[in-house]
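let me see the structure of the following:
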Amino acid sequence: MNILVPHHWLLDHLKTTATPKQIQKYLSLCGPSVERTIKVKGEPVYDIEVTTNRVDSISIYGIAREAAAILPEFGLKASLKSLKLNPITSTKKLDFTIKNNPKLCRRVITIKLENLQLKPSPKWLQDRLIQVGQRPLNNAIDITNYIMWEIGHPVHVFDYDRLTNKTIIIREAKKGEEVVTLDDKKHILVGGEVVFDDGAGEIVDVPGIMGTKNTIVTDKTKNALLLIESIHPEKIRFASMTHAIRSQAAILNEKNVDPHLAETAILKAIELYQKICKATIGSQLLDIYPTKPTPKTTTLTQQLLNTYMGLHVKPTRVKRILENLGCKVKVKKTKPYSLNPIRYLITPPSWRTKDLNLPADYIEEIARIYGYHNLPSVVMDTPIPDNPPDEKFKLEHLIKQWLADWGFNEVYTYSMVSKDLSLQSGETLHHHLKIKNPLIDDFAYMRRSLIPSHLQVLSDNKNRDQVSIFEMANVYHPASTRSRSSTRSGPKKGNLPNEELQLTITTIQKYPYLKGILDALLEKLFITNTSIIPVEKASLPFLNNQTAEIYADKTFIGHIGRVENSKSTHVIQLLVKPLLKIARTHPRYIPVVTTPPIIEDLTFTLPTKTFLGEVIDTINKQSKLIELVELTKVYHLNHTFQITYRNPKKSLKDRNIAPIRKKIVSSLRASHSAKLVGKL
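Got it, this is the predicted structure:
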């Protein structure tokens with residue numbers, strides 16, 4: 001958020017010889033960003049952006065405090081002027097009852113002022129309010145706004161005589177209660193807002209946000225109740241956003257204004273009421289402060305400071321910077337050979353207790369005031385990993401996105417499974433990791449496969465016509481065992497389980513559909529050199545003999561097959577780590593071949609139950625000149641294969657193809673008992 005700060009108002013609290021241009025430049029380098037300087041009423045006014053966590057800087061005094069810490073770092077003399085506030089010496093008891101709820105309000109401080117003379121504010125006060133964008137009203141109201149902008153804590157003034165019951169009860173609003181705020185707007189409360197009750201059930205204020213019409217100061221006001229409250233910020237935020245009341249008071253209070261600041265604000269306000277309104281003190285100062293916050297002391301070592309900043313800042317300068325920011329600092333020196341010979345014990349000021357709690361917070365403050373522009377542009381001393389792990393999270397996300405686009409639903413099943421689901425994995429319970437203290441028996445074992453959980457999902461959705469699901473998740477193998485899905489990976493050393501990321505795709509549609517999904521997925525990952533090799537005996541206990549192992553670039557990546565004792569459920573189980581290792585994010589460039597191909601058809605009579613994929617693989621292996629083999633026609637046991645030959649460097653002739661053709665015929669006869677239809 002932004003705040004307007006008139007130059008001479010700033011100089012009321014900042015003793016310095018710096019010019020407006022220097023203030024703008026150096027504050028922007030090390031603190032609140034001065035976005036521009038404008039002229040209002042003939043005076044330079046700084047338009048300053050303050051980050052929302054720095055509510056202590058959203059005031060003239062707060063900016064002066066920052067400038068007093070920053071300007072000396074650039075060789076400019078600057079110091080914060082002390083606020084000389086007179087204590088209240090009245091012994092007259094306040095004839096007013098305030099019933100506070102500490103769960104709603106952290107502090108209430110109030111005083112009665114008598115014999116006010118209401119009139120327009122003096123010109124200097126009106127000019128300053130106009131310079132910060134505030135409309136002047138009358139001296140009693142203008143003083144509260146002036147204090148809010150100058151000190152940074154909202155102040156409220158009531159007409160004392162209109163508070164007929166002389167009581168304020170701090171409570172939560174009930175649903176349906178109504179209030180009319182001082183801007184003549186009616187609000188119906190939803191319940192839970194903090195309000196001031198006059199003891200008879202009438203709401204006289206929405207504290208910390210905006211006053212109400214029934215207790216506002218008018219031209220007839222003679223006596224006033226000056227009050228500052230510190231409502232819990234979450235309550236302020238709730239009420240302000242619910243009713244769209246975005247007053248400056250609400251903006252400050254919802255950001256956790258320092259409760260300690262209330263005393264400073266009210267004493268300064270009393271001084272102005274005496275000077276401008278000719279008010280007299282009508283009571284003692286009543287201060288209800290049930291629980292005062294205790295600042296936390298943090299230890300910061302010089303070694304940690306050097307590591308973060310990349311240079312050595314002298315302890316005297318560190319201490320000076322922190323003390324200029326209002327912190328209390330004790331420098332402890334230990335033995336010279338200690339790892340941390342210098343330690344700083346730092347206690348934040350009351351206005352920074354919420355954002356200065358860790359060593360890193362103080363390092364940031366030191367670096368900020370020291371000047372980020374002064375930090376060396378060198379590589380950090382700590383080692384940088386040469387080969388950071390390539391997790392390929394983006395590809396994992398894309399795989400999920402593609403499967404979802406193809407009609408599959410992503411499921412999330414539990415990593416911990418029951419005894420029955422554990423046994424369905426084909427492993428004994430002894431080969432499962434068991435939870436020592438499971439919440440219930442259904443979550444006692446760490447799963448070794450996703451398939452049993454997927455079959456349970458299908459069973460729970462058996463009333464649906466088409467169910468296709470997928471899941472990418474870890475399975476857990478004991479350190480002393482091997483993964484059943486990949487016997488090629490050895491056991492993991494140590495006692496930690498072997499986590500294996502798997503992608504399991506399950507559907508009740510037919511095998512060709514699932515095989516098409518696998519082909520499409522591999523194509524999306526630009527994996528071209530693939531093969532599917534049937535296995536006589538399924539290596540996964542859930543799958544029957546109609547199962548195949550999937551290879552890509554000669555690397556085993558998983559299984560595809562039909563679930564045992566099911567006619568329609570098919571599964572793909574892929575090992576994600578080896579899959580992503582060979583996957584690519586873009587296609588590989590292959591130069592366009594300019595030489596013409598030779599294409600011919602060969603028809604073979606094959607025995608029944610011959611795997612055509614193996615036949616095609618056998619043909620492909622006979623020569624590097626074979627570019628493509630496709631099955632084009634099937635008639636009874638006769639299968640026609642279209643074979644494309646090509647040499648990328650020169651044109652082929654029939655004499656180049658003849659020996660390859662003979663080799664194909666002889667190899668198919670030997671390995672598959674295939675007979676060529678016709679003659680060579």
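
contacting residues around stretch 554-563?
For stretch 554-563, the external contacting residues (CB atoms under 8 Å, 6 or more residues apart in numbering) are 451, 455, 485-486, 488, 503, 511, 514-515, 518, 529, 532, 538-540, 542-544, 546-551, 569-575, 578-579, 581-582. No exception for glycine: its C-beta is placed from N, CA and C like everyone else's.

just the buried members of these?
Buried residues within the contacts of stretch 554-563, defined by neighbour count using 16 or more other CB atoms under 10 Å: 451, 455, 485-486, 503, 514, 518, 532, 538, 540, 542-543, 547-550, 569-575, 578-579, 582.

now, those that are in strands?
503, 532, 543, 547-550, 570-575 (DSSP state E).

save those as TSV, and put in pLDDT and distance to Pro341 too.
TSV is the format used below for these (pLDDT from 0 to 100; distance: CB to CB, whole Å):
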residue	pLDDT	distance to Pro341
Leu503	96	54
Ile532	84	67
Leu543	78	66
Thr547	85	67
Ala548	87	67
Glu549	90	63
Ile550	92	61
His570	92	68
Val571	93	63
Ile572	94	61
Gln573	93	58
Leu574	95	56
Leu575	94	52
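
nearest to Ser468 among those?
His570 (9.9 Å; CB to CB).

hmm, the closest one is touching Thr504, no?
No - using CB atoms under 8 Å, His570 makes no contact with Thr504, being 11.5 Å away.

how far does stretch 219-234 stretch from start to finish?
35 Å (CA to CA, to the nearest Å).

that one: how far from the chain's middle?
Averaging C-alpha coordinates over stretch 219-234 and over its chain gives two centres that are 39 Å apart (CA atoms, centre = their mean, to the nearest Å).

can you give the domain ranges for the chain?
2-80, 97-288, 298-370, 393-582, 598-676 (automatic domain parsing).

which stretch in these has the least confidence?
Of all those, domain 393-582 carries the lowest average pLDDT, namely a mean of 84.

can you give me the end-to-end span of it?
14 Å.

quickly note the distance from Tyr414 to Ala552.
30 Å (CB to CB, to the nearest Å).

so between the two, which is more surrounded?
Taking other CB atoms under 10 Å, Tyr414 and Ala552 do not tie; Ala552 has more neighbours (21 against 13).

who's in contact with the more buried one?
With contact taken as CB under 8 Å, 6+ apart, Ala552 is in contact with 522, 527, 529-530, 579, 582.

same question, Leu637
605-608 are the contacts of Leu637 under CB under 8 Å, 6+ apart.

selection in ChimeraX covering whichever of those residues are buried, please.
The ChimeraX selection below is limited to those of the contacts of Leu637 classed as buried (16+ other CB under 10 Å):
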select :606
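
for the contacts of Leu637, which one is nearest Ile48?
Using CB to CB, the contacts of Leu637 come closest to Ile48 at Leu606, 84.7 Å.

who touches the closest one in this structure?
612, 615, 637, 639, 672-674.

one step back: give me the subset of the contacts of Leu637 that lies in strands.
Using DSSP E, the contacts of Leu637 in strands are Thr605.

out of the contacts of Leu637, which comes closest to Gly192?
When these are ranked by distance to Gly192 (CB to CB), Thr608 comes first, at 78.2 Å.

tell me the spacing between the closest residue in space to that closest one that isn't next to it in sequence and Pro207.
Nearest residue to Thr608 in three dimensions, chain neighbours excluded: Leu637, at 7.0 Å (CB to CB, 6 or more residues apart in numbering). Distance, Leu637 to Pro207, by CB to CB: 92 Å.

next: Ile366.
For Ile366 relative to Pro207 (CB to CB), the value is 38 Å.

now the domains of the chain in CSV, with distance to Pro591?
Output for these, formatted as CSV (distance: least, CB to CB, whole Å):
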stretch, distance to Pro591
domain 2-80, 55
domain 97-288, 63
domain 298-370, 49
domain 393-582, 16
domain 598-676, 8
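
do you know which of those domains lies nearest Thr91?
Per CB to CB, nearest to Thr91 of the domains of the chain: domain 97-288, 6.6 Å.

that's a helix at Pro72, yeah?
Yes - checked against DSSP: H, G, I helix; E, B strand; the rest coil, Pro72 lies within a helix.
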